[in-house]
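>>> generate coordinates for the sequence data below:
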Amino acid sequence: MDVQRALQYLYSLQLFGIKLGLENIRTLLDRLDNPQSGLTCVHVAGTNGKGSVCAFLAEIFRLSGLRVGLYTSPHLHCFSERIRIDGQPIAEQQVAVLAEEVRSAAEDLPVTFFEAATAMALLAFRRSRVDIVVLETGLGGRLDATNVIRPVLSLITPVSLDHQEHLGPDLAAIAAEKAGIIKTGVPVVIGRQETAAAAVLLNTAQRLSAPICLADRDYRVSGDHAGLTVAMGSRHLSGLHCSLPGAHQLDNLGQAAAGAWLLADAGWPVTESALRRAGTATRWPGRLEWWSGHPAVLLDAAHNAAGVASLATYLREQGIRDFPLLVGLSRGRIPSQVLKPLAAIAREVYAVPVPVGDSVEPGAICRWARGQGLRAACLATPQAGLAAALAACPAETPLVVCGSLFLVAAIREALASDRAPAEQGRAADPAIRALP
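Next up is the predicted model:
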């Protein structure tokens, strides 16, 4: 199977949609000789921030001299970004080989895209003989395909309302699904939570005798991007620098540091130098990512109410108001709920469809925007929306892009021809390519 046919096979599995449950993935992995067996894994769940925590953790481990597997989703530009070894996406030819193995093993099983991708990642990590694997859940936790492993450490980032149609109607129900990654006797690092979510997570951990490391109780984060302090027990690390913008990333780096310290206590060779270097070395494109130019463009894959609230907080902290907003939301999002934090600070809205999958109708976004007193326009494509927004945007006012990660990817690709990601201070990534 060549690369193109492999991708066609994988994306054809999206016809099965989202199907929570572990029966199929367990059967598939059993047919593949259980590649998860023998892997040492760190498991991360949560609503927002779990990808960033995974990225920080993987960089801490890599800079400590470990060989690291990292599995995250969704990808930004190409499928292989989901499966990384020592910071690098696996080769396209390896994608083809792994996809063929999964296709042969699946046979009569109606496996989903995410189940197939998870099996491919576990195969890749076993064959590469990684020392440690960082696994991000896809959706929820209890019935997520990644929950076939027994980790040495679990982390749960802030839980908020999202995917209620799959995870439950309220914060407690969603937290119960996320808590499904907590295992008997396995330490769990719990980030800052709302009261209802914290109660569920703590009760689950206590019931399973899982040692708890709780934000603001067992570990603390203070300071700013140029001088962050993380403290846990007798450990106290100050003067950390965080390369990822936004106050929420300080919490994410602190939670990753707390998890790394717990593994150090268990004998893993995590170094202080690695913790310091990871704060500045970690990159997580498409999340509060500035692109140079006049006007500048800020890309952020904020797609739920909590993520957009963090974006709005960042914009206020930077003194950014009266900006044009380019937005596209995946099906199931409710504009009035998701975009509300931006209503008071945006000037106008350019609504576009998401280039992959089903979208909220741009007209629904425009109706919401006009109801907030904002000018609004519907455009047929992300590229058309970008052109219209840039043409109307004063040079000194940034354009803000938010919504689906697929939208951010499309805009990132459109910008790459003549701009650079400002924070990296280098030419646009040559690996950027069209979405498959």
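>>> quick one: low-confidence parts of the chain?
Across the chain, the ranges flagged by pLDDT under 70 are 15-19, 163-164, 423-436.
>>> centroid residue for it?
Centroid check for the chain by Cα atoms, centre = their mean gives Gly51 as the closest residue, at 3.2 Å.
>>> for it, pull up the helix or strand it's in.
helix 50-63 (DSSP states H and E).
>>> distance from the chain centre to stretch 276-295, please.
Distance of stretch 276-295 from its chain centroid, counting by Cα atoms, centre = their mean, to the nearest Å, is 14 Å.
>>> rewinding a little: using PDB, write out every CA atom in the helix holding Gly51.
What follows is helix 50-63, C-alpha atoms only, in PDB (Å, rounded to 0.1, in the frame of the first residue of the first chain):
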ATOM      1  CA  LYS A  50      -4.200  18.300  27.200                       C
ATOM      2  CA  GLY A  51      -2.300  18.600  23.900                       C
ATOM      3  CA  SER A  52       0.000  21.400  25.300                       C
ATOM      4  CA  VAL A  53       0.600  19.300  28.400                       C
ATOM      5  CA  CYS A  54       1.500  16.400  26.200                       C
ATOM      6  CA  ALA A  55       3.900  18.500  24.200                       C
ATOM      7  CA  PHE A  56       5.600  19.900  27.300                       C
ATOM      8  CA  LEU A  57       6.000  16.400  28.800                       C
ATOM      9  CA  ALA A  58       7.400  14.900  25.700                       C
ATOM     10  CA  GLU A  59      10.000  17.700  25.400                       C
ATOM     11  CA  ILE A  60      10.900  17.300  29.100                       C
ATOM     12  CA  PHE A  61      11.500  13.600  28.600                       C
ATOM     13  CA  ARG A  62      13.400  14.000  25.300                       C
ATOM     14  CA  LEU A  63      15.700  16.700  26.800                       C
END
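>>> contacts for it?
Outside of helix 50-63, the residues that reach it under the criterion Cβ atoms under 8 Å, 6 or more residues apart in numbering are 42, 44, 46, 68, 70, 72, 84, 86-87, 131-132, 134-137, 155, 157, 191, 244, 249, 252-253, 255-257, 259-260, 270-271, 273-275, 277-279, 281-284, 287. Using the backbone N, CA and C atoms, a C-beta is placed for each residue, glycine as well.
>>> what subset of these is buried?
Among the contacts of helix 50-63, the ones that count as buried by 16 or more other Cβ atoms under 10 Å are 42, 44, 46, 68, 70, 72, 84, 131-132, 134-137, 155, 157, 191, 244, 249, 252-253, 255-257, 259-260, 270, 274-275, 277-279, 281-282, 284, 287.
>>> tell me where the stretch 51-200 of the chain has strands.
Assigned by DSSP state E, counting those that start in this stretch, the strands in the stretch 51-200 of the chain fall at 68-71, 83-85, 88-89, 132-136, 153-156, 188-190.
>>> in its sheet, what does the fifth one sit against?
In the sheet containing strand 153-156, its partner strands are strand 41-45 (parallel), strand 188-190 (parallel), by DSSP bridges.
>>> out of those strands, which comes closest to Gly307?
Evaluated over those, closeness to Gly307 peaks at strand 41-45, with 15.9 Å, by Cβ to Cβ.
>>> re earlier: mind checking which of the contacts of helix 50-63 are in helices?
249, 252-253, 255-257, 259-260, 273-275, 277-279, 281 (DSSP state H).
>>> how is this structure partitioned into domains?
3-281, 289-415 (automatic domain parsing).
>>> how long is the longest one from one end to the other?
Using Cα to Cα, to the nearest Å, the end-to-end distance of domain 3-281 comes out at 31 Å.
>>> ok, the nearest residue to Gln14 once chain neighbours are set aside to Ala301 distance?
Nearest non-adjacent residue to Gln14, counting by Cβ to Cβ, 6 or more residues apart in numbering: Phe113, 4.8 Å away. Phe113 is 19 Å from Ala301, where distance means Cβ to Cβ, to the nearest Å.
>>> repeat that for Arg82.
With Cβ to Cβ as the criterion, Arg82 and Ala301 are 15 Å apart.
>>> ok, now Thr118?
Distance check for Thr118 against Ala301: by Cβ to Cβ, it reads 21 Å.
>>> again with Thr280
Thr280 sits 22 Å away from Ala301, going by Cβ to Cβ.
>>> those two: which has the busier surroundings?
Remark: of Thr280 and Ala301, Ala301 carries more neighbours, 24 against 13, as counted by other Cβ atoms under 10 Å.
>>> looking at it, the more buried one is touching Ala410, isn't it?
No. Between Ala301 and Ala410 there is no contact under Cβ atoms under 8 Å: 11.7 Å.
>>> would CSV of the strands paired with strand 153-156 with distance to Cys378 be doable?
Supplementary listing: the strands paired with strand 153-156 in CSV, determined by distance: least, Cβ to Cβ, whole Å:
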stretch, distance to Cys378
strand 41-45, 36
strand 188-190, 42
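>>> so for Pro151, which of those strands sits nearest?
Judging the strands paired with strand 153-156 by Cβ to Cβ, what sits closest to Pro151 is strand 41-45, at 4.1 Å.
>>> do you know which of the strands paired with strand 153-156 lies nearest Asn34?
Across the strands paired with strand 153-156, closest to Asn34 is strand 41-45 (Cβ to Cβ), at 13.3 Å.
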